[in-house]
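[1] Quick check, what structure comes out for this input:
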Amino acid sequence: MSSMVVDFQHHYTPPALNKGRANDVSVRIDENGNPNYLLNPLLADIGAHVRMMDLAGIDAAVLSSGPGFDQPDLDICQLINDDLAQVEKDHPGRFIGLAHVPALNAANAVAELKRCAVDLGFPGVCIGSELQGLALDAPELEPFWKACADLGLYVFVHPLPAVINWPQMYADDLGRMMGWEFSLMTATIRLINSGVLDRYPTLKVQFAHFSGGLGRYLGRVRGFQQREKWGTSGVDRHNRQPEKSFDHYMEQRLYYDCAGWAGPDNAGAWGAEWVAFGMREVAFSQLVFATDYPQAVRNDQEVVDYMKAVRALDANARAMLEGANAEKLIPDLKSRLALRKVRA
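    Residues are numbered from 1 along each chain as shown. Below you'll find the model as predicted:
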């Protein structure tokens, strides 16, 4: 197989759950008047996804679904998962589904994770960076993390499908512009310091958007991890330390995708600039390619321009684009792609 271009952040919503206007993009507004999720008819148009992928040269896309990022209703999660499994069957070798589960309901979450891993063959699960107001290191999520580790499912952490609860975000679309990235950074730091990764040494976690750009703040993070220096060594909740250095988890345990810039205008230049910054801030060995289609980029040519611009950055960018690290998250990726039908 000459290439293995895999899009690790590619969004799809089952038609039964896709809200908004049928023929143009709109936005969902929360109770505080804030835009919190893009309602895009392309989300449910799997034919458009295939057309874009063929034009751009994307071999396979890993599918996650917005209504399932923080979904407490087991029936809705199962609807999403069954729909994703059907998409896989209808388009062999082109799509790879992720599980969506009511993560805070231990019994239902564990049962559905097992069904998705064993019966549906999904390699991972998708959750939001916060779940119903709880951090990812909340005790209520311990059964979820254990089940993912036991089943060998990697966890994709996408920004929460809401605006973080901070009134300063309630203007200028700051909830999506900056709040989502702040939530990803916070989730990353808490997950490391909580010991979740120490308790489950085989667990693999992929954070969206270079973990919200956390790499550019590592100098500050490393400094405040020195608890004695900053007076927090005896302060409950603020004195947590993982078993190894903070950099160990950033460079060897966590994974990141390169989506996160906001198109669609000037897709090639803006996307490449975002990727170039991110690749200087996280270990290449932990990085996978992503487009955020059809949210950040919605036009087929924009995806093509983005990929061309990323490929032109340097050898590492080309290797990342062509799937150098993809099998670390999906070990049976080659056999999945081998199912792809020969193009006419």
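
[2] pLDDT on the strand or helix carrying residue 50, on average?
    Using DSSP states H and E, residue 50 sits in helix 46-56. Averaged across helix 46-56, the pLDDT comes to 97.

[3] Tell me the neighbouring strands of the very next helix or strand once past it, and mark each as parallel or antiparallel.
    Using DSSP H and E, the helix or strand that follows helix 46-56 in sequence is strand 60-64. Sheet pairing for strand 60-64, assigned by DSSP bridges, gives strand 6-11 (parallel), strand 95-97 (parallel).

[4] Identify the residues contacting the shortest one?
    Same thing as strand 95-97. 6, 12, 46, 49, 60-63, 81, 84-85, 87-88, 116, 120, 122-123, 330, 336 (Cβ atoms under 8 Å, 6 or more residues apart in numbering). From N, CA and C alone the C-beta is placed, and that goes for glycine too.

[5] what's next to the helix holding residue 50, contact-wise?
    Contacts of helix 46-56 (Cβ under 8 Å, 6+ apart): 7, 10, 12, 42, 58-59, 61, 87, 90-91, 94-95, 293-294, 300-301, 303-304, 307, 343.

[6] at 6 Å what do you get?
    The contact list for helix 46-56 (Cβ atoms under 6 Å, 6 or more residues apart in numbering) reads 42, 87, 300, 303-304, 307.

[7] Most neighbours among these, which one is it?
    residue 303 (27 neighbours; other Cβ atoms under 10 Å).

[8] wait, what's in contact with it?
    Applying Cβ under 6 Å, 6+ apart, one finds that residue 303 lies in contact with 52, 56, 291, 297.

[9] switch the cut-off to 8 Å
    Contact analysis of residue 303 by Cβ under 8 Å, 6+ apart lists 52, 55-56, 58, 267, 291, 293, 297.

[10] Excluding chain neighbours, give the residue nearest to residue 100 in space.
    Excluding its sequence neighbours, the residue lying closest to residue 100 (Cβ to Cβ, 6 or more residues apart in numbering) is residue 68, at 2.9 Å.

[11] Do I have it right that residue 313 meets residue 277?
    No. At 10.8 Å, residue 313 and residue 277 do not qualify as touching, with contact defined as Cβ atoms under 8 Å.

[12] if we can go back for a sec, any chance of the strands paired with strand 60-64 in a markdown table, plus mean pLDDT, distance to residue 137 and mean neighbour count?
    Converted to a markdown table, the strands paired with strand 60-64 look like this (pLDDT from 0 to 100; distance: least, Cβ to Cβ, whole Å; neighbours: other Cβ atoms under 10 Å):
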| stretch | mean pLDDT | distance to residue 137 | mean neighbour count |
| --- | --- | --- | --- |
| strand 6-11 | 98 | 23 | 26 |
| strand 95-97 | 98 | 26 | 25 |
